[in-house]
Every structure is written in C-alpha cells, then in structure tokens.
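S.K.: Generate coordinates for the sequence data below:
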Amino acid sequence: FFVVCDCESPHSHSLIHSLTMMMMFRKCPLLVLTALSVTFLVTKCNGFSLTMGMGSSFGRTFRISTWGESHGGGVGVTIDGCPPRMEITREEIQVDLDRRRPGQSRITTPRNEADAVEILSGLSPDNVTLGTPIAMLVRNKDQRSQDYLNNDMSVAYRPSHADATYDAKYGVRAVAGGGRSSARETIGRVAAGAVARKILKEFNNIEILAYVSSVQEITAH
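M.R.: Residues are numbered from 1 along each chain as shown. The predicted structure follows:
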C-alpha cells in the first residue's frame, strides 16, 4: 500500500494522521518518509484496500468545493479565498445561473427549476465580501425520483451517463438522477465562476465571454 501526499495541502496532515492510526490499529508495518514537500507512506497490509471518495474541490488560492446531489435537498458551493471588501450581489450571480437553468429550450432537460441562489455566508448585510468562506445554495424543487426508481433504471445503467463507471469505481450509485453525476453539479461551478469573473475584472481588468456557438446542426447567429 503506497500513498503520496503533498505537504502543502491543507488536508495532507489529517490524511497522514488518519492513515497512520488506521495502519497501527491493524498492526501493519508503516514507514513514513518525507522529502522536500512530499510525504510518502509505505506499508504492507494483506487484504486491505482503500477507495477515496470523488474529489469535489478545485483550486488553491481561490478554492471551491461543490456539494449536493441532483435529487437531494439542494446543490451548492463553498468558496474559500475570495478577497475582502469586494461588492457582489445575489443578482449578479443569478444572471449566470439563469443562463444555465434547465427547461429553457427543446435541447435541454425539461426539468423545471427556478435555480434561485441563496448566499448563506461570507457577505455583509450591504453585500460586501468579508474575506471568509462564501457558501451558496440552490434548492431542488422539481426532482422526480419516482421516474428513476419505479422502472428498469433502478437495475440497469443508463446509456451515455456515468451510472456504470461510478458504480464500478465506488461500488455504489445514486439511482435517482445520478447524484453528483448529474449536470446539476455544475450549478456550484457556475455560481463560483460568477464570483471569479468579478475578481478578474476588478483586479486585473480581464473580461470573460462564453457562449454555445452550435449544437449539432443548430448554430447561433
């Protein structure tokens, strides 16, 4: 069993500690080597295997962690590293969420969601960032789990979806809506992207433009 950990990562120390305690409890030989900014954990333990959960955090200086499932109570994101004293409103973030909202054309899912964002932390009452983590939530309103559970989809994998690969990797899957394999996971990325775009504009005068130019034969003019 071989693990490589980046010592600069804020999670590496807790991971190393947890693995060390686990190996000691199982009476497995453990060798910890540290070189530069990397720590190596080497052990031999018969019959032991560890599958880590899917990663949902991205970035270093500006770090986001998305959370929630397609048919859960809601989906969202926590942003860590946003500068303080920057003015940002819920309406600015909502503009981008409205662009990705489902049910707006025949080429998207018919699921009818308002995708109204709630900012739970990180802002003062007058919409100024505090320099603390910003948590944003979008509640699910139109999930229809019975459409997935009361038919063959509960025992069969959907074509062109991540059902089979997710089950093969983790040994479990969210049948209803695909869980975090759903496109609703992108809500947190879009909300965080709206904040990141404003940071780039205010501090670096960088503007971001994105649009769908074509989908198969359908072309934007």
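
S.K.: Just the helices from the protein, written as ranges.
M.R.: Assigned helices in the chain, in chain order: 12-25, 90-100, 146-149, 163-170, 186-204 (criterion: DSSP state H).

S.K.: so for the fourth one, what's the average pLDDT?
M.R.: Pointing back at helix 163-170 there. Across helix 163-170, the average pLDDT comes to 80.

S.K.: buried ones in it?
M.R.: Neighbour counts using 16 or more other C-beta atoms under 10 Å place Asp163, Tyr166 of helix 163-170 among the buried residues. Placement of C-beta: from N, CA and C, glycine included.

S.K.: Could you pull up the contacting residues of the residue lying closest to Thr132 once chain neighbours are set aside?
M.R.: Leaving aside its sequence neighbours, Thr132 sits nearest to Gly122 (C-beta to C-beta, 6 or more residues apart in numbering; 5.2 Å). Contact analysis of Gly122 by C-beta atoms under 8 Å, 6 or more residues apart in numbering lists Ile79, Cys82, Thr129, Leu130, Thr132, Pro133, Ile134, Ala135.

S.K.: Surely the fourth one and Ile88 touch.
M.R.: No. Using C-beta atoms under 8 Å, Leu130 makes no contact with Ile88, being 11.3 Å away.

S.K.: residues bridging contact with the two, i.e. touching both?
M.R.: Common neighbours of Leu130 and Ile88 (C-beta under 8 Å, 6+ apart) are Leu123.

S.K.: Who has more neighbours out of those two?
M.R.: Ile88 (20 against 14; other C-beta atoms under 10 Å).

S.K.: Sketch out the low-pLDDT regions of this structure for me.
M.R.: Low-confidence segments of the chain (pLDDT under 70): 1-54, 107, 110-111, 142-154, 176-177.

S.K.: same thing but at 80, please
M.R.: 1-55, 102-113, 142-160, 169-170, 172-182 (pLDDT under 80).

S.K.: would you list every one of the strands in it?
M.R.: Assigned strands in the chain, in chain order: 2-6, 30-35, 38-43, 57-58, 63-68, 74-80, 117-119, 134-139, 214-215, 218-219 (criterion: DSSP state E).

S.K.: Listing partners with orientation, what would you give for the last one?
M.R.: By that I understand strand 218-219. Paired strands of strand 218-219, with direction, are strand 214-215 (antiparallel) (DSSP bridges).

S.K.: re earlier: I'd like to know how far the residue nearest to Thr132 sits from Gly55.
M.R.: Distance, Gly122 to Gly55, using C-beta to C-beta, to the nearest Å: 22 Å.
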